[in-house]
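A.B. asks: got a predicted model here, sequence first, then my questions.
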Amino acid sequence: MSKAPEYLQINDDNIVIELKKGVEIEGVVVKSFTMREPTVQDNLALDSIKGSDAEKEITYFANLCEQAPDDLKGLTQRDYVRLQKAYSFFID
């Protein structure tokens, strides 16, 4: 497993992701997300999500972070890549 960047705090069953810019959700700027470890059920549910691969990934990450997919769509690319990097530690 590769070394985690300083913006990721890896715990036993989740990863806290510090966002560079943050995103506004319901009028509040959110500066971090907690991504839980996916379950087999999460992976099975991924198959039933409609849309492009990018839309499926956004919906999947939103579920793991307990956020609405539309909220993740407001992230900057740099912050979204941080979510992707966090997820990679669950499958590494």
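C.D. replies: Happy to help now that I have it.

A.B. asks: all strands of the protein, in order?
C.D. replies: 8-10, 14-25, 28-36 (DSSP state E).

A.B. asks: run the chain-centre distance for the first one.
C.D. replies: Translated: strand 8-10. 12 Å (CA atoms, centre = their mean, to the nearest Å).

A.B. asks: before we move on, what about the second one?
C.D. replies: Centroid separation between strand 14-25 and its chain, computed with CA atoms, centre = their mean, is 9 Å.

A.B. asks: buried ones in that strand?
C.D. replies: Along strand 14-25, these residues count as buried under the neighbour rule (16 or more other CB atoms under 10 Å): Asn14, Ile15, Ile17, Leu19, Gly22, Val23. All C-beta atoms are positioned from the backbone trio N, CA, C, and that covers glycine.

A.B. asks: the shortest one now?
C.D. replies: Buried residues in strand 8-10, defined by neighbour count with 16+ other CB under 10 Å: Leu8.

A.B. asks: just the residues contacting that strand, thanks.
C.D. replies: Contact with strand 8-10 is made by Ala4, Ile15, Val16, Ile17, Glu18, Arg82, Lys85, Ala86, Phe89, as judged by CB atoms under 8 Å, 6 or more residues apart in numbering.

A.B. asks: in the sheet, who's paired with the fourth one?
C.D. replies: Read that as Ile17. Beta-bridge pairing for Ile17 (DSSP bridges): Leu8, Phe33.

A.B. asks: the bottom helix or strand of the protein by mean pLDDT?
C.D. replies: helix 40-48 (a mean of 91; mean pLDDT, DSSP states H and E).

A.B. asks: packing partners for that helix?
C.D. replies: Secondary-structure packing of helix 40-48 (3 or more CB pairs under 8 Å, 6 or more residues apart in numbering; DSSP states H and E): helix 53-64.
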